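J.: could you look at this predicted model? Sequence included:
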There are 2 protein chains.
Amino acid sequence: MTDEQPRPWRRIATRLIWQSQWYDLRQDVVRIHTGATITYTYQDHPGAVMVVPVTPDGRVVMLRQYRYLLAAWSWEAPAGGVHPGETASAAAARELAEETGYAAGALVPLGGYYPSKSVSNERLDLFLATGVTPLPAVPAHEPTELLRVHLRPLAEAVAMVHGGEITDAQTALALLLAAHRLGSAAAGG
Amino acid sequence: MTDEQPRPWRRIATRLIWQSQWYDLRQDVVRIHTGATITYTYQDHPGAVMVVPVTPDGRVVMLRQYRYLLAAWSWEAPAGGVHPGETASAAAARELAEETGYAAGALVPLGGYYPSKSVSNERLDLFLATGVTPLPAVPAHEPTELLRVHLRPLAEAVAMVHGGEITDAQTALALLLAAHRLGSAAAGG
């Protein structure tokens, strides 16, 4: 694909529309490939991480979390935003501890993904955490978080994805990638 | 989990903050489980669909699309918003035709997912399209779309996910679910 220009669209101007706790809503004025000028509104996001924590006996530390926007309880892997100056792997270790009260033996990167590429520049870094063990202290959740920790065998968690029981797209992807990575490792691949 | 209240948070009021072509930005006043009142800002989204189109000879019809927010070209499955009054499967057939110029023999639902559950109520319905064949007319893309159609063997597309070449989280998930479904069908499962 030699005809792919590396950056066919260029930002001419930007303005802040709204500032939330999690991201800025921005509107850019953009010169596109046709020469026309358009406006493009998006979430300017600092980035996020998600971790699939697996214990030495092959169970996944999962969260059952109430989600206001779904008006439902959701099965999820621990996740959260990257703080200023923090690396993705440091954020993954911190969120794992804060949300589940577990610590990782090792963090294996599973890649960087864009959950919502047309309306947000959020990059989500996925990790597999192996050798996961409980910390001495029970985590104190934010008062606006309503969640509980559950352990599920990895094969059962994957079956929950294929059975439609896990509807958080990020968790579903992270679990399938983690299972593939562990399967490849088990097969020596 | 008998102690899960079905709807522990309740909306008290809502206001419109911003209206975009794709969604409304809203802020709700919410009474949460502790009795406290908070504000919650989110995208009020009409829903979206994504299709993994597979030809009779086992190739996936994929898009190579420029994404301004990534400042990069992205490998993606055809996708788009659900129009008012449209079913998810009708939207899937329409987006497939409009974006790729192909039509499906059959559409197999792969489930409903939430790509960004903490900041958007967007539901993404995934589909596998089988028996996909070219339409007589070449699609006319929106002037603000910069994309090209490519066919890739399904196994190669899945390898692109595990190799980190596909960074759109929705496409990565849809491809893994479609490959699993086709594998199960091939195995009679």
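T.: Looks like it came in fine.
J.: what segments of chain A are helices?
T.: A:88-100, A:154-162, A:169-186 (DSSP state H).
J.: residue B:107 is nearest to which of the ones you listed?
T.: helix A:154-162 (18.4 Å; Cβ to Cβ). In this view, the C-beta of every residue, glycine as well, is placed from N, C-alpha and C.
J.: tell me the average confidence for that closest one?
T.: The average pLDDT within helix A:154-162 is 97.
J.: residues contacting residue A:180?
T.: Counting by Cβ atoms under 8 Å, 6 or more residues apart in numbering or on different chains, residue A:180 touches residue B:162.
J.: again, only using 10 Å
T.: By Cβ atoms under 10 Å, 6 or more residues apart in numbering or on different chains, the residues touching residue A:180 are A:110, A:128, A:158, A:189, B:158, B:161-162, B:176.
J.: and if you look at residue A:43?
T.: Counted by Cβ under 10 Å, 6+ apart, residue A:43 has contacts A:18, A:20, A:22-26, A:116, A:119-122, B:25, B:43, B:69, B:116, B:119-120.
J.: in space, what's closest to residue A:109 - neighbours in sequence excluded?
T.: residue A:127 (6.0 Å; Cβ to Cβ, 6 or more residues apart in numbering or on different chains).
J.: please indicate which of the contacts of residue A:43 are buried?
T.: Among the contacts of residue A:43, those that count as buried by neighbour count (16 or more other Cβ atoms under 10 Å in any protein chain shown) are A:18, A:20, A:23, A:25-26, A:116, A:119-122, B:25, B:43, B:69, B:116, B:119-120.
J.: returning to that earlier point: distance of the residue nearest to residue A:109 from chain B?
T.: 13 Å (Cβ to the nearest Cβ, to the nearest Å).
J.: and what of residue A:99?
T.: 13 Å.
J.: that residue contacts residue A:64, correct?
T.: No - in this structure, residue A:99 is not within contact of residue A:64 by Cβ atoms under 10 Å, at 11.6 Å.
J.: what do the two both touch?
T.: By Cβ under 10 Å, 6+ apart, the residues touching both residue A:99 and residue A:64 are A:76, A:147, A:149.
J.: before we move on, back to that, between residue A:99 and residue A:64, which is the more surrounded one?
T.: Taking other Cβ atoms under 10 Å in any protein chain shown, residue A:99 and residue A:64 do not tie; residue A:99 has more neighbours (24 against 15).
J.: and the nearest residue to that one once chain neighbours are set aside, what does it touch?
T.: Of all residues not flanking residue A:99 in the chain, residue A:78 sits nearest, at 4.1 Å (Cβ to Cβ, 6+ apart). Contact analysis of residue A:78 by Cβ under 10 Å, 6+ apart lists A:49-53, A:61-63, A:65, A:92, A:94-100, A:102, A:127, A:129, A:139, A:147, A:149, A:171.
J.: same question for residue A:52.
T.: A:60-62, A:77-78, A:96, A:108, A:110, A:126-130, A:132, A:154, A:157, A:171, A:174-179, A:181-182.
J.: swap in residue A:80?
T.: Applying Cβ under 10 Å, 6+ apart, the residues near residue A:80 are A:22, A:48-51, A:91-92, A:94-96, A:98-99, B:118.
J.: what do you get for residue A:47?
T.: A:23, A:81-83, A:86, A:88, A:91, A:112, A:121-125.
J.: repeat for residue A:172
T.: A:75-77, A:157-158, A:160-162, A:164-166, B:111, B:113-114, B:126, B:169, B:172-173, B:176-177.
J.: show me which of the residues you listed are buried.
T.: If we count by 16+ other Cβ under 10 Å, the contacts of residue A:172 have these buried: A:75-77, A:157-158, A:160-162, A:166, B:111, B:113-114, B:126, B:169, B:172-173, B:176-177.
J.: apart from its chain neighbours, what residue comes closest to residue A:4?
T.: Closest to residue A:4 by Cβ to Cβ, 6+ apart is residue B:73, at 5.5 Å.
J.: same question, residue A:138
T.: residue A:101 (5.6 Å).
J.: number of residues surrounding that neighbour?
T.: Counted with other Cβ under 10 Å, residue A:101 comes out at 17.
J.: quick check: it touching residue A:147?
T.: No - look at residue A:101 against residue A:147 with Cβ under 10 Å: they stay out of range, at 11.5 Å.
J.: joint contacts of the two?
T.: With Cβ under 10 Å, 6+ apart as the test, residue A:101 and residue A:147 both reach A:139, A:141.
J.: for the closest residue to residue A:169 other than its chain neighbours, give me the pLDDT.
T.: Once flanking residues are discounted, residue A:169 sits nearest to residue B:113: 4.0 Å by Cβ to Cβ, 6+ apart. On the pLDDT scale, residue B:113 is placed at 98.
J.: now swap in residue A:32 and tell me
T.: 94.
J.: do the same with residue A:117
T.: 96.
J.: isn't it right up against residue B:171?
T.: Yes - contact status for residue A:117 versus residue B:171: in contact at 9.2 Å, counting by Cβ under 10 Å.
J.: what touches both of these two?
T.: With Cβ under 10 Å, 6+ apart, residue A:117 and residue B:171 have common neighbours B:74, B:76, B:79.
J.: that'll do, ta.
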